[in-house]
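> What shape does this take:
(one chain, ligands or ions: 2)
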Amino acid sequence: MLVVEGLVKRFGGFTAVNQVSFRVEQGEILGLIGPNGSGKSTIFNMLSGTFAPSAGSMQFDGTEISGLAPHRIINRGIGRTFQIPRPFHRLTMFENVALAGYFGQGKHSRIKAEEAAERALGMVGLTTDRHALVDGLGAAGLKKLELAKALATGPKLLLADESLGGLDENEMDQAADMLRKIRDELGITIIWVEHIMGVLMRVVDRVMVLDHGEKISEGLPSQVSSDPRVVEVYLGTDAVATQAAAAEARR
Ligand SMILES: Nc1ncnc2c1ncn2[C@@H]1O[C@H](COP(=O)(O)OP(=O)(O)O)[C@@H](O)[C@H]1O
Ligand SMILES: [Mg+2]
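Ligands and ions are numbered 1, 2, ... in the order given. Next up is the predicted model:
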């Protein structure tokens with residue numbers, strides 16, 4: 001579904017993403033992890049058209065998408081969430097999500113956009129009070145709204161950026177289950193970015209690890225969490241072992 005080759009992003013003289021190649025197969029959940037500043041969001045910004053790559057190619061469903069404007073990429077079926085949600089505070093939850101629906105599939109139809117919003121809000125469990133303003137939402141609610149906005153654009157591939165930031169352990173488990181459900185029930189392929197790895201390891205099929213903009217490891221969660229390079233640069237032996245064991249116990 002997605003084939004990325006030799007992706008590079010430079011900001012002035014600084015290389016944020018360096019020669020990263022990977023593939024994502026239809027129906028899979030790929031976890032993308034790495035310390036803060038390792039280039040995860042920058043990869044999402046390139047995939048979603050926010051930044052043009054400095055070099056490399058990104059083929060989605062067989063066509064090159066690098067250089068396309070964000071709305072064109074959304075129309076081709078790549079939806080994303082943002083690490084820091086910025087909903088319109090003067091609009092209701094429903095209006096925020098329906099607006100995202102217009103940008104995706106519903107551009108020519110208010111009905112379609114509103115139907116997409118209805119489905120997306122139901123999927124993430126924000127069904128009560130959907131005509132309330134977004135102000136009352138806490139961290140977990142805002143993350144759900146962010147996910148609903150991305151779903152309302154009708155993605156085939158969902159880019160979920162740090163969906164767990166600011167959540168407690170229980171809310172993290174719920175968010176992880178939600179992503180699994182989106183894949184299982186809607187058939188949406190997912191790339192999930194987190195800088196913590198515990199909860200993510202439980203639901204992803206495969207993991208890719210970045211450090212200083214370079215891919216340092218890739219494979220099954222069990223392989224990656226015992227990879228010495230990951231242990232060394234990413235978290236330290238104890239933390240990796242503890243998190244991997246905790247994730248295994250919850251499977
Ligand atoms: N627009 C930008 N201009 C300059 N530097 C940037 C910009 N966006 C990201 N960076 C830098 O690129 C590196 C990777 O950032 P980012 O992809 O956001 O990391 P991550 O999401 O893995 O925490 C960081 O050093 C960050 O400061
Ligand atoms: Mg980030």
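> can I see the domain layout of the protein?
Listed domain ranges for the chain are 1-23+46-67, 69-190 (source: automatic domain parsing).
> Find the helix or strand that Leu30 is a member of.
Assigned by DSSP states H and E, Leu30 belongs to strand 29-33.
> what distance separates the lengthiest helix in the chain from the middle of the whole chain?
Counting by DSSP state H, the longest helix found in the chain is helix 169-186. Taking Cα atoms, centre = their mean, to the nearest Å, one finds the center of helix 169-186 at 12 Å from the center of the full chain.
> Can you read off the pLDDT for whichever residue of the stretch 51-200 of the chain sits closest to ligand 2?
For the stretch 51-200 of the chain, the residue closest to ligand 2 is Gln83, as judged by Cβ to the ion, at 5.0 Å. In short, each C-beta sits where N, CA and C put it, glycine included. Looking at Gln83, its pLDDT reads 77.
> what's the answer for the one 3 residues further on, then?
Arg86 is assigned a pLDDT of 86 by the prediction.
> Please apply the same query to the one 10 residues further on.
Reading off the per-residue confidence, Asn96 sits at a pLDDT of 95.
> right, and the secondary structure at it would be what?
helix (DSSP: H, G, I helix; E, B strand; the rest coil).
> Compute the inter-axis angle for the strand holding Leu30 and helix 169-186.
Here strand 29-33 points in a direction 140 degrees away from that of helix 169-186 (axes from the mean of the first three to the mean of the last three Cα atoms, to 10 degrees).
> picking up where we left off before, for the residue of the stretch 51-200 of the chain closest to ligand 2, grab the count of nearby residues.
Neighbours of Gln83 under the rule other Cβ atoms under 10 Å: 15.
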